[in-house]
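Show me the folded form of this:
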Amino acid sequence: MANAVFYPITSLMYAALAVYFWRTRWVVAARPAGLRAESKMLEQLAVLVPLALHAMLLYDSMFAGDGVRLGVGNAMSTIVWLTVAIYWLGNLFYNIEGLQAMVMPVAAVCALLPVLLPPASTLPNTELVAFRVHLLISMLAYSLFTIASLHVLLMALLERRLHGGELPAALHQLPPLLTMETLLFRIITAGFILLTLTLATGIVFTEELFGKAMRFNHKTVFGILSWFIFAALLGGRQLYGWRGRIAVRWTLTGFLMLVLAYVGSKFVLEVILGRG
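Just a heads-up that it's a prediction; the model follows:
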């Protein structure tokens, strides 16, 4: 692959940002308020550099030649790229200072996956509009639930540190726990809508291709299980005010089901069984 040298460069950029955000948010005390606006703008611009390079590498890897290649490496890398991109946009409107140090190390690893894992064969039927829409929506849903999982872990850490009476600088700068909880459920609601559309477009795609409704394989079963888990979580939030540890457990369980539904199955097929 001609651009193989840029994969480690992108990964190192993400890793450098991870170290920077760790040192400035979790180790060093909060900086003076007068410097925050200017430094935050520079940080946002710095994140754009590996994000743009990562996007070009993904495009080259997935769309070189005819059709679309979406193996487990490309899939995970794309989901994490979308996660960083959504986080980047969200950081313009919300105060989520603690998430940088959590997102960037994941991005540093996943940026390398397209060249570390076996290459995938070209996907069939990518000319179908239903399939393209289904693919885009599912990737966005995965990305939102990835952010929700990181967000809920940050909330759990904040709650534990509050009980311990000791907070690092990053947690001092975060909004109140209730505000973070409200943001979490907004993210989950958006992800749930996209997950619902993913299942719906999956049915349309299957009917268009095979002339029958969605097949009940392991991918479908885990996808539907995750839908029911997030539906129950949102319903419990509305009816019973679920929050705190209940939200943590249900969010992470639903996310695990999503991982098993797609990424897990592709990993077994492509990496362990060698069937691309």
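
For the residue nearest to W242 when sequence neighbours are not counted, give me its contacts.
Of all residues not flanking W242 in the chain, G236 sits nearest, at 3.9 Å (C-beta to C-beta, 6 or more residues apart in numbering). To be clear about C-beta, it is placed using only N, CA and C from the backbone, and glycine gets the same treatment. With contact set as C-beta atoms under 8 Å, 6 or more residues apart in numbering, G236 has these partners: 242, 246, 250.

pLDDT score assigned to G236?
Looking at G236, its pLDDT reads 95.

same question, the one 3 residues further on
The pLDDT attached to L239 in the predicted structure is 93.

How about M104?
Reported pLDDT for M104: 94.

rewinding a little: return the member of the contacts of G236 nearest to G73.
W250 (29.3 Å; C-beta to C-beta).

Check which helices and strands the lengthiest helix in the chain is in contact with.
Identified as the longest helix of the chain according to DSSP state H is helix 129-164. Under the contact criterion of 3 or more C-beta pairs under 8 Å, 6 or more residues apart in numbering; DSSP states H and E, helix 129-164 touches helix 72-90, helix 100-110, helix 169-172, helix 177-210, helix 245-258.

Could you dump those into CSV with distance to R132 and mean neighbour count added?
Listed next are these as CSV, based on distance: least, C-beta to C-beta, whole Å; neighbours: other C-beta atoms under 10 Å:
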stretch, distance to R132, mean neighbour count
helix 72-90, 14, 21
helix 100-110, 23, 21
helix 169-172, 39, 18
helix 177-210, 9, 18
helix 245-258, 20, 19
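
Tell me which of those lies nearest to E127.
When the helices and strands packed on helix 129-164 are compared by C-beta to C-beta, helix 177-210 sits nearest E127, at 11.1 Å.

elements contacting that closest one?
Using 3+ C-beta pairs under 8 Å, 6+ apart, helix 177-210 is in contact with helix 129-164, helix 218-240, helix 245-258.

Let me know the pLDDT of the residue nearest to L117 when sequence neighbours are not counted.
Take L117 and drop its neighbours on the chain: the residue closest to it by C-beta to C-beta, 6+ apart is G73, 3.6 Å away. pLDDT recorded at G73 is 84.

quick revisit: A156 is nearest to which of the helices and strands packed on helix 129-164?
Closest approach to A156 among the helices and strands packed on helix 129-164 (C-beta to C-beta): helix 245-258, 5.1 Å.

Alpha carbons only: can I get the closest one in CSV?
Extracted in CSV, the C-alpha atoms of helix 245-258 (Å, rounded to 0.1, in the frame of the first residue of the first chain):
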residue,chain,number,x,y,z
ARG,A,245,-24.8,2.8,38.1
ILE,A,246,-27.9,1.5,36.4
ALA,A,247,-27.1,3.8,33.4
VAL,A,248,-23.4,2.6,33.4
ARG,A,249,-24.3,-1.1,33.4
TRP,A,250,-27.0,-0.8,30.7
THR,A,251,-25.0,1.5,28.5
LEU,A,252,-21.9,-0.8,28.5
THR,A,253,-24.0,-3.9,28.1
GLY,A,254,-25.8,-2.5,25.1
PHE,A,255,-22.5,-1.4,23.6
LEU,A,256,-21.0,-4.9,24.1
MET,A,257,-23.9,-6.3,22.2
LEU,A,258,-23.2,-4.0,19.3
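
quick check: angle from it to helix 72-90?
140 degrees (axes from the mean of the first three to the mean of the last three C-alpha atoms, to 10 degrees).

starting at the chain centroid, how far to helix 245-258?
14 Å (C-alpha atoms, centre = their mean, to the nearest Å).

I figured the residue nearest to L117 hits V109, correct?
No - using C-beta atoms under 8 Å as the test, G73 is too far from V109 to be in contact (11.2 Å).

Okay, buried residues for stretch 14-26 please.
14-15, 17-18, 21-22, 24-26 (16 or more other C-beta atoms under 10 Å).

now it: mean pLDDT?
Here the average pLDDT along stretch 14-26 is 88.

Beyond the helix or strand harbouring M62, next helix or strand please.
Per DSSP states H and E, M62 falls inside helix 33-63. Heading C-terminal from helix 33-63, the first helix or strand you meet, by DSSP H and E, is strand 68-69.

Give me the distance between the residue nearest to W242 and L225.
Distance, G236 to L225, by C-beta to C-beta, to the nearest Å: 16 Å.

Much appreciated, bye for now.
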